[in-house]
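Novice: structure for this input, please:
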Amino acid sequence: MITLEHIAAVRAQCDEVRRAGKTVALVPTMGFFHEGHLTLMRTARAAHDLVAVSLFVNPTQFGPTEDLAAYPRDPEGDTRAAANEGVDILFVPSVVEMYPRPGLTSVTVSEVAKGLCGISRPHHFGGVATVVTKLFSIVGPCTAYFGKKDFQQLVVVRRLVEDLNFPIEVVGVSTIREPDGLAMSSRNAYLVRNERQAATVLFRALSAAVERMSGGERDASRVRAVAVDLIAAEPMANLEYVEVVRADDLAPVDQLAEGVEHVIALAVRVGTTRLIDNATFTVAAGAVNADLPRLDPL
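Specialist: Predicted coordinates:
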């Protein structure tokens with residue numbers, strides 16, 4: 001693995017690989033790697049000749065009161081982990097390298113960025129779309145891997161690629177979870193012991209909602225209410241939202257339609273830590289097929 005700090009060097013490496021008729025994969029990250037990140041790397045490694053991982057805590061996707069300064073970082077550990085996964089290029093640009101002077105250009109993806117997390121973080125997805133556009137420009141034609149835990153981000157990136165005709169294939173990779181169901185996230189490091197236990201309410205709420213649908217409920221508001229009530233019963237949890245939407249465009253639904261992929265998405269603050277999670281599901285022939293695992297009893 002080589003570690004590169006400059007855009008021109010990354011671009012040259014990726015161009016050289018493509019000229020040889022080989023394929024390139026990109027895994028965009030903000031570092032502090034956990035098993036979810038490593039799964040993205042493994043998935044990319046299994047399918048491509050060159051795997052590039054970007055490690056950049058992007059300031060433009062943080063609001064003025066958010067955790068940019070405190071965001072967990074472990075550059076030495078991340079470098080070892082990426083090398084162990086067979087990554088070819090670890091791109092670790094500085095803020096000055098990515099934003100050499102105040103930008104006059106930004107990328108906005110409307111509609112799919114407005115709801116869900118976009119309500120409380122109105123500038124977040126503009127920052128995401130802008131930095132992802134920059135990374136796509138740097139790496140060039142490739143397959144880009146994103147985790148499904150950040151489902152709204154995945155939808156935003158897919159729409160960005162479609163609308164701007166980028167020569168990029170976007171692949172969503174299933175959420176990796178702890179044994180008790182908590183979705184892996186760099187921000188889990190903020191949780192103290194009792195908060196960590198309380199944070200399982202996100203998974204429990206999603207599981208309860210899926211169970212209600214499996215029992216025949218097709219009214220989205222009633223499905224949502226199951227999750228809302230369960231979260232309300234956890235004293236350390238403060239609900240930001242629970243929504244049931246179409247998976248392709250995040251449009252709210254009233255009734256769960258057969259053969260349409262949906263997602264139930266939620267955001268909850270446990271203590272001061274904001275956590276997100278979701279489950280995608282399809283109703284087919286009266287059955288509910290969800291991507292939420294059943295946990296082994298402890």
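Novice: so which residues of the stretch 1-150 of the chain form strands?
Specialist: Assigned strands in the stretch 1-150 of the chain, in chain order: 2-4, 24-29, 50-55, 89-91, 142-147 (criterion: DSSP state E, counting those that start in this stretch).
Novice: reformat those strands as a markdown table; add mean neighbour count, mean pLDDT and distance to T108.
Specialist: The C-beta positions use only the backbone N, C-alpha and C, and glycine is treated the same way. Output for those, formatted as a markdown table (neighbours: other C-beta atoms under 10 Å; pLDDT from 0 to 100; distance: least, C-beta to C-beta, whole Å):
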| stretch | mean neighbour count | mean pLDDT | distance to T108 |
| --- | --- | --- | --- |
| strand 2-4 | 15 | 98 | 29 |
| strand 24-29 | 26 | 98 | 18 |
| strand 50-55 | 25 | 98 | 21 |
| strand 89-91 | 25 | 98 | 25 |
| strand 142-147 | 23 | 98 | 19 |
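Novice: can you list those strands in a markdown table and add distance to T272?
Specialist: Formatted as a markdown table, these follow (distance: least, C-beta to C-beta, whole Å):
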| stretch | distance to T272 |
| --- | --- |
| strand 2-4 | 33 |
| strand 24-29 | 23 |
| strand 50-55 | 25 |
| strand 89-91 | 31 |
| strand 142-147 | 23 |
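Novice: what's in contact with the longest helix seen in the chain?
Specialist: Of all segments of type helix in the chain, defined using DSSP state H, the longest is helix 124-139. Around helix 124-139, the neighbours that count as contacts under C-beta atoms under 8 Å, 6 or more residues apart in numbering are 7, 10-11, 14, 24, 26, 28, 52, 54, 56, 58-63, 91, 98, 103, 105-109, 113, 117-118, 142, 144, 152-153, 156-157, 160-161, 164, 166, 168.
Novice: narrow those to those that are buried.
Specialist: 7, 10, 14, 24, 26, 28, 52, 54, 56, 58, 60-62, 91, 98, 107, 109, 113, 117-118, 142, 144, 152-153, 156-157, 160-161, 166, 168 (16 or more other C-beta atoms under 10 Å).
Novice: the domain parsing of this structure - what is it?
Specialist: Following automatic domain parsing, the chain resolves into domains at 2-173, 186-290.
Novice: now do A225 against A199, distance only.
Specialist: Note on A225: its distance to A199, by C-beta to C-beta, to the nearest Å, is 21 Å.
Novice: again, but for P59
Specialist: 26 Å.
Novice: re earlier: so which of the domains of the chain comes closest to D180?
Specialist: domain 186-290 (5.1 Å; C-beta to C-beta).
Novice: bridging across strands, which residues link to the spatially closest residue to A257 that is not a sequence neighbour?
Specialist: Excluding the flanking residues, the one nearest A257 by C-beta to C-beta, 6 or more residues apart in numbering is V283, at 7.1 Å. Counting by DSSP bridges, V283 is bridged to E258, V288.
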